[in-house]
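Asker: using only what follows, build the 3D model:
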Amino acid sequence: MTDLTASPRTDPLSLYRYRDGLYAVDLITAALQMDFFTWLASHPSSLQQICAHHGFSPRPVDVMMTLFATHGWVMQKDGVFHLSATGQEHLHSKSEWFLGPYYASLHDRPIARDYLEVLRTGKPAGWSGDKAAFDWHKAMEQEDFARSFTAAMDCRGRYLAQALAKSLDLKGRKKLLDIGAGSGIYACCIAAQHPHLQATVFDQAPVDRIAVKLIVERGCADRVRVTTGNMFEGLPLDCDVHLYSNVLHDWDVKEVRELLAISHASLPPGGLLIIHDAFIHADKTGPQHVAEYSCLLMHSTQGKCYSTGEYAELLVEAGFTPGDYQDTVVGRGFMVAVKN
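Answerer: Residues are numbered from 1 along each chain as shown. Below you'll find the predicted structure:
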């Protein structure tokens, strides 16, 4: 039986950062290929104006501008983006210090090419830049991909989940629903840390079958069970805690709004909602590593990393009272909210 309350002896932060930030350089490359920074210098613009001029979609542009703001290459004042002094000197094509040619050899990287299309359409590209592949959401319906991706999220989740479990106050709570749960690692770690709690792992086929096997192997089957379903079609009604761990970031605002409404309808009064994720600051000036991770999500899913302010607004709109954000490990953290 695995000890799901144990932490590693060493800090894996750098290993997470390499993988999380992998696609950021390609988004920078795509912007330089368009000579975007030179245009912005002459046309300070709001996000909406950038979209209108270039024919871009709001979600990828928000991710792009957040990335640039966290690096200090652009500044935002009263909703209008301006090129910063660093941007003027090193990203403007008329500057003697322009670094565009340094990135020119990266223009043909598949992910950099993908971004030009994602910016225009707002739709995710093929997984890992494979044009023949399904986007992530469709790929998860395929047995081989679902098994591989679930294994990846499971090994990541072992560290993240026990850190989350140790940070949560779940006194007086009875049953947790882990929504879009994948392997069930979060439900298992939380159950291990909070012995009074029962848990249900909720996911679609074929992920549900993978979860059942792993939960049994971890010795958690007596307190963690699996229920199969589509989270957009309704949730079980017997849980007083809902967990969305690294789930909402896969979806655009419309779908996030829909999922929060479904949770509100399914939870009892006073029910607790937990969002565990990588969060952007409310003013969207950081953290830099989360802005870089958001590039990967924007490329391959329908989502992005949301800011604490965006989540708070969506939670209030759905009928919850949101709490403050709390850090855990490797740039992740959580927000809790209570059903009014």
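
Asker: strands of the chain, start to end?
Answerer: Secondary structure of the chain (DSSP state E): strands located at 74-77, 80-83, 175-179, 198-203, 224-228, 241-245, 272-277, 320-327, 333-339.

Asker: neighbouring contacts of the first one?
Answerer: The reference is to strand 74-77. Strand 74-77 has contacts (Cβ atoms under 8 Å, 6 or more residues apart in numbering) with 40, 65, 68, 69, 81, 82, 83, 84, 87, 284. Yep, even glycine has a C-beta here, placed from its N, CA and C like the rest.

Asker: and the closest residue to residue 24 other than its chain neighbours, what does it touch?
Answerer: Nearest residue to residue 24, sequence neighbours excluded (Cβ to Cβ, 6 or more residues apart in numbering): residue 292, at 3.9 Å. Residue 292 sits next to 20, 21, 23, 24, 67 when contact means Cβ under 8 Å, 6+ apart.

Asker: of the contacts of strand 74-77, closest to residue 46?
Answerer: Ranked by distance to residue 46 (Cβ to Cβ), the contacts of strand 74-77 are led by residue 81 at 7.2 Å.

Asker: so what's the closest one bridging to?
Answerer: Note on residue 81: beta-bridge partners residue 45, residue 76, judged by DSSP bridges.

Asker: list the contacts of it.
Answerer: Residue 81 touches 40, 44, 45, 46, 47, 50, 65, 69, 74, 75, counting by Cβ under 8 Å, 6+ apart.

Asker: now for the second one, how many residues are close by?
Answerer: By other Cβ atoms under 10 Å, the residues close to residue 44 number 15.

Asker: out of the contacts of strand 74-77, which are buried?
Answerer: Among these, the ones that count as buried by 16 or more other Cβ atoms under 10 Å are 40, 65, 68, 69, 81, 83, 84, 87, 284.

Asker: quickly name whichever of the residues you listed is closest to residue 175.
Answerer: Closest to residue 175, out of all of these and judged by Cβ to Cβ, is residue 284, at 35.8 Å.

Asker: hang on, that closest one packs against residue 66?
Answerer: Yes - using Cβ atoms under 8 Å, residue 284 is in contact with residue 66, at 4.8 Å.

Asker: residue 315 is in contact with residue 325, isn't it?
Answerer: No - at 11.8 Å, residue 315 does not count as touching residue 325 under the criterion of Cβ under 8 Å.

Asker: of the two, who's got more company?
Answerer: Ranked by neighbour count (other Cβ under 10 Å), residue 315 and residue 325 place residue 315 first, with 23 against 19.

Asker: show the contacting residues for the nearest residue to residue 28 once chain neighbours are set aside.
Answerer: Excluding the flanking residues, the one nearest residue 28 by Cβ to Cβ, 6+ apart is residue 103, at 6.8 Å. Counting by Cβ under 8 Å, 6+ apart, residue 103 makes contact with 28, 29, 32.

Asker: next: residue 335.
Answerer: Counting by Cβ under 8 Å, 6+ apart, residue 335 has contacts 274, 275, 279, 308, 311, 312, 315, 322, 323, 324, 325, 326.

Asker: now residue 278
Answerer: Taking Cβ under 8 Å, 6+ apart, one finds 20, 249, 290, 293, 294, 305, 331, 332, 333 in contact with residue 278.

Asker: relative to residue 116, which of those residues is nearest.
Answerer: Using Cβ to Cβ, residue 294 comes nearest to residue 116 of the contacts of residue 278, at 17.7 Å.

Asker: quick one: neighbours of the closest residue to that closest one other than its chain neighbours, just the number.
Answerer: Setting aside the residues directly before and after it, residue 294 is nearest to residue 305 in space (Cβ to Cβ, 6+ apart), at 3.8 Å. Using other Cβ under 10 Å, residue 305 is surrounded by 25 other residues.

Asker: relative to residue 24, how far out is residue 305?
Answerer: 12 Å (Cβ to Cβ, to the nearest Å).

Asker: hmm, residue 288 and the residue nearest to residue 294 touching each other?
Answerer: No - assessed by Cβ under 8 Å, residue 305 is found out of contact with residue 288, at 11.6 Å.

Asker: residue 184 is in contact with residue 201, correct?
Answerer: Yes - taking contacts as Cβ under 8 Å, residue 201 lies within contact range of residue 184: 4.0 Å.

Asker: which one's more surrounded, these two?
Answerer: The neighbour count for residue 201 versus residue 184, taken as other Cβ under 10 Å, is higher for residue 184 (32 against 29).

Asker: that one: what's it in contact with?
Answerer: Contact analysis of residue 184 by Cβ under 8 Å, 6+ apart lists 178, 201, 211, 214, 215, 220, 224, 226.

Asker: tell me how many other residues crowd the last one.
Answerer: By other Cβ under 10 Å, 23 other residues sit near residue 226.

Asker: shouldn't it be in contact with residue 211?
Answerer: Yes - using Cβ under 8 Å, residue 226 is in contact with residue 211, at 5.1 Å.

Asker: shared neighbours of those two, anything?
Answerer: 184, 201, 203.

Asker: show me the contacts for residue 272.
Answerer: Counted by Cβ under 8 Å, 6+ apart, residue 272 has contacts 170, 173, 240, 241, 242, 336, 337, 338, 339.
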